[in-house]
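[1] sequence? don't have it. structure:
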């Protein structure tokens, strides 16, 4: 019989209890930078312990694929499951399912075609901590993001095995994490049936060639390339095909933006006059080679490097301005790992003369979207994709 949850907070040997109970020891081992290691992770930037929210340091974002041990951790609920993969089951049903079914991990792996896909996983609130004035929520800087190769099966293959009725409107997903208090809403999300049936939407059980880490959704999670991470439900246990809009808190009250404020795919069944769910990732970029304020040795070779990404059209150009945005020069793009992955860029820096240099970086996507000069204020601090500005000093 399936044990759906082994609640970490209530288990002496569980991972979250270990993390929380060991706070003094972790603090004692804390580096000068304030990084803390969860079990199975390298030291990350702690934003909160319960629920666990940990950000990837800039130095760990310099590789094309973010290491599993360095990948950011994001939870809304404090009871995190410790799941026995052999006992895990995925239940597929709902009012618009023709043949409800239950799958073990072995059946999921053996009965469906495997697919591998490189994709950016980005928290909707990435860079929220850079908003001025401050907005509520986890104060992420640049590291609530990572790029990985996800391996699993197409969600649509699983849904078709269950049978999708013509009246289907949304597909609802629930994971094994749970609230500590009964009044706290369970974290469940939905997708429009069309996005659920998209060939790129996966149920993943591997990340960068290894089984999913505990803190990133083991044993299986949803992967929705091009959409923000709120839809990438971890520790997936239940899928429901439904003929109406899902009325859960995390769809109808949370993760919403003012209607018409941002571009991106529509979620028509969840829209209203005032707000609509956040969906696609907007075009953005991040310099990983240097932080603002860095000093460059005079006469030594140097280059500005980083990543650019969007919601799946792919990156067309990355440009650098050295004169406050009056003129722009194209950076060199590096290997293309797919339209949902980030794309590297590189631009040489002139260190022949001492002094300061202000650099601005902007990316443009193949669909014509370009990073804006200013962020767009919104109550939840979503979609911070404004042009990055850095001040470097040649000494």
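    Yes, it's here. Because the structure is a prediction, the values reported are computed rather than measured.

[2] and residue 6, what pLDDT?
    As predicted, residue 6 sits at a pLDDT of 39.

[3] what does residue 21 give?
    34.

[4] I'd guessed residue 244 sits against residue 170; true?
    Yes - judged on CB atoms under 8 Å, residue 244 makes contact with residue 170 at a distance of 7.4 Å. All C-beta atoms are positioned from the backbone trio N, CA, C, and that covers glycine.

[5] which of those two has more neighbours?
    residue 170 (26 against 12; other CB atoms under 10 Å).

[6] wait, that one sits on residue 248?
    No - Residue 170 is beyond contact range of residue 248, at 10.5 Å (criterion: CB under 8 Å).

[7] need the residues touching each of the two.
    residue 190 (CB atoms under 8 Å, 6 or more residues apart in numbering).

[8] quickly note the distance from the nearest residue to residue 292 once chain neighbours are set aside to residue 326.
    Excluding the flanking residues, the one nearest residue 292 by CB to CB, 6 or more residues apart in numbering is residue 390, at 4.4 Å. Here the criterion is CB to CB, to the nearest Å. By it, residue 390 lies 17 Å from residue 326.

[9] which one of the two has more residues nearby?
    residue 390 (17 against 7).

[10] which residues touch that one?
    Residue 390 neighbours (CB under 8 Å, 6+ apart): 287, 290-292, 294, 304, 358-361.

[11] state the mean pLDDT of stretch 283-298.
    For stretch 283-298, the per-residue pLDDT averages 98.

[12] list the buried ones in it?
    283-290, 296 (16 or more other CB atoms under 10 Å).

[13] and if you look at stretch 56-72?
    Neighbour-count burial for stretch 56-72 flags 56-58, 60-61, 65-68, 70-72 (criterion: 16+ other CB under 10 Å).

[14] which pair in those spans the largest distance?
    58 and 68 (17.8 Å; CB to CB).

[15] domains of this structure?
    Per the record, the chain has its domains at 1-280, 284-394, by automatic domain parsing.

[16] weakest of these in terms of mean pLDDT?
    When these are ranked by mean pLDDT, domain 1-280 comes last with a mean of 90.

[17] show me the helices in the stretch 101-250 of the chain, by range?
    Counting by DSSP state H, counting those that start in this stretch, residue ranges of the helices within the stretch 101-250 of the chain are 105-111, 155-162, 193-196, 249-252.

[18] show me what the longest one is packed up against.
    If contacts are counted by 3 or more CB pairs under 8 Å, 6 or more residues apart in numbering; DSSP states H and E, helix 155-162 sits against strand 89-93, strand 101-104, helix 193-196, strand 202-207, strand 236-242.

[19] which of these sits most buried?
    strand 202-207 (a mean of 24; mean count of other CB atoms under 10 Å).

[20] which residues touch that strand?
    68, 71, 90, 105, 108-109, 115, 117, 148-155, 158, 211-213, 216-217, 219-223, 225, 236.

[21] 6 Å instead?
    For strand 202-207, contacts defined as CB atoms under 6 Å, 6 or more residues apart in numbering pick out 68, 148, 150-153, 155, 220-221, 223.

[22] for the residues you listed, give me CSV that also has distance to residue 378.
    As requested, the contacts of strand 202-207 are arranged in CSV below (distance: CB to CB, whole Å):
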residue, distance to residue 378
68, 32
148, 28
150, 29
151, 34
152, 32
153, 35
155, 29
220, 32
221, 27
223, 26
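
[23] state the pair within those residues that is farthest apart.
    68 and 155 (22.1 Å).

[24] could you pull up phi and psi at the residue in the chain sticking out farthest from the centre?
    Seen from the C-alpha centroid of the chain, the residue lying at the greatest distance (CA atoms, centre = their mean) is residue 353, 40.2 Å away. Here is the backbone geometry of residue 353 (degrees, to the nearest 10): phi -130, psi 140.

[25] quick check: bridge partners of the closest residue to it other than its chain neighbours?
    Among residues not flanking residue 353 along the chain, residue 394 sits closest, at 6.6 Å (CB to CB, 6+ apart). As for beta bridges, residue 394 partners with residue 296, residue 355 under DSSP bridges.

[26] swap in residue 284?
    Here residue 284, judged by DSSP bridges, has bridge partners residue 309.

[27] give me the distance between it and residue 239.
    Residue 284 is 30 Å from residue 239, by CB to CB.

[28] could you do residue 308 as well?
    33 Å.

[29] please apply the same query to residue 48.
    29 Å.
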